[in-house]
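In: predicted model, plus sequence, below.
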Amino acid sequence: MASTREPRRSVVPDLVELRESLGLTQREAAMLLEVAINTWARWERGELGVHPERARQLRRLQQLVERYGQSPLWGLGVAGLRDVLDGMTVPEALDVRGLDRYGALKRVS
């Protein structure tokens, strides 16, 4: 009898699309979520279920992409995105790095 249970991957956004929308490689995405690159690759292929805390972080990243688009998030880099996942707001993370709301360096007046 075939299982009717949905794959575990359905609880998280499309990982390839999310990673690419953030301009990250698999290695950078793995660093961002503090997992091994092999773990990330297996998540993308649907071979491994995503831990609930990591799934929450992935949903948060998806919400950020939907709210801000891609441009300001690219300027943050992995460390800036990590700060946002750890509770910093996007405007705070941009400001700390001297970036404007579009992710570009602020002009010095």
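Out: Ah, there it is.

In: can I get the CA coordinates of stretch 99-108 in PDB?
Out: Taking C-alpha atoms only, stretch 99-108 is exported to PDB below (Å, rounded to 0.1, in the frame of the first residue of the first chain):
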ATOM      1  CA  LEU A  99      24.300  49.900   3.800                       C
ATOM      2  CA  ASP A 100      21.200  51.800   2.700                       C
ATOM      3  CA  ARG A 101      17.800  50.200   2.400                       C
ATOM      4  CA  TYR A 102      18.700  48.800  -1.000                       C
ATOM      5  CA  GLY A 103      21.800  47.100   0.200                       C
ATOM      6  CA  ALA A 104      24.200  49.600  -1.400                       C
ATOM      7  CA  LEU A 105      26.900  51.400   0.600                       C
ATOM      8  CA  LYS A 106      25.700  54.600   2.200                       C
ATOM      9  CA  ARG A 107      27.200  57.800   0.800                       C
ATOM     10  CA  VAL A 108      29.400  59.800   3.200                       C
END
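
In: okay, buried residues for it please.
Out: 99, 103 (16 or more other CB atoms under 10 Å). For every residue, glycine as well, the C-beta is placed using N, CA and C.

In: so what secondary structure elements neighbour the host helix or strand of residue 39?
Out: Secondary structure from DSSP states H and E places residue 39 in helix 37-45. Judged by 3 or more CB pairs under 8 Å, 6 or more residues apart in numbering; DSSP states H and E, the packing partners of helix 37-45 are helix 15-21, helix 26-32.

In: I'd like the average pLDDT over the last one.
Out: Just to be clear, that refers to helix 26-32. Averaging pLDDT along helix 26-32 yields 94.

In: now what about that helix, what contacts it?
Out: By CB atoms under 8 Å, 6 or more residues apart in numbering, the residues outside helix 26-32 that reach it are 15, 19, 22, 24, 36-37, 39-41, 44, 78, 81-82, 85.
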